[in-house]
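Participant: pasting the sequence and the predicted model now:
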Amino acid sequence: DICSVKCIDEEKVKETVKTIPQQEDIGQMAEIFKALSDPSRLKIVLALLNQEHCVCDIAVICKQTDSAISHQLRILRTLKIVKNRREGKIIYYSIDDDHVVSLINMSLNHVRH
């Protein structure tokens, strides 16, 4: 459905344009949503919501190979969705910050609503 008459409310349009982020920010936001739209990566993020895990743990949880998980974690790390820390020979992964947790929880609440 479209308007049957073309009428632009210039004041509303100007107000809204001011609130839209810069193109660079929009691009980065799209990359985050693109990364989280992949079911494998989303499952990894869900596995890390409450506690950190090493690649081996995540591979078992997600029923994938260590190599496949490492590849997905590299993408998530590049986008600062997850971070890692080394403890001896083991690297543990966790969610990078609370914004990611909020985004995932809001999405989950939305689909369950």
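Facilitator: Nice, I can see it.
Participant: confirm that R86 sits in a strand.
Facilitator: Yes: with DSSP: H, G, I helix; E, B strand; the rest coil as the criterion, R86 is located in a strand.
Participant: how about it, what does it touch?
Facilitator: Counting by Cβ atoms under 8 Å, 6 or more residues apart in numbering, R86 touches Y92. Heads up, the C-betas are built off the backbone N, CA and C, glycines and all.
Participant: and it, what are its bridge partners?
Facilitator: I91 (DSSP bridges).
Participant: distance of it from C54?
Facilitator: Note on R86: its distance to C54, by Cβ to Cβ, to the nearest Å, is 10 Å.
Participant: residues shared between the contacts of these two?
Facilitator: With Cβ under 8 Å, 6+ apart as the test, R86 and C54 both reach Y92.
Participant: all strands of this structure, in order?
Facilitator: 53-54, 82-87, 90-95 (DSSP state E).
Participant: give me the contacts around the first one.
Facilitator: So that's strand 53-54. Contacts of strand 53-54 (Cβ under 8 Å, 6+ apart): A47, I61, I90, I91, Y92, Y93.
Participant: distance to P21 and mean pLDDT added to the strands of the chain, as TSV?
Facilitator: Shown next, in TSV, are the strands of the chain (distance: least, Cβ to Cβ, whole Å; pLDDT from 0 to 100):
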stretch	distance to P21	mean pLDDT
strand 53-54	33	98
strand 82-87	23	97
strand 90-95	23	97
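Participant: rewinding a little: neighbour-wise, which of the contacts of strand 53-54 leads?
Facilitator: Using other Cβ atoms under 10 Å as the neighbour test, the contacts of strand 53-54 are led by Y93, with 24 neighbours.
Participant: that residue contacts A59, correct?
Facilitator: No: using Cβ atoms under 8 Å, Y93 makes no contact with A59, being 11.4 Å away.
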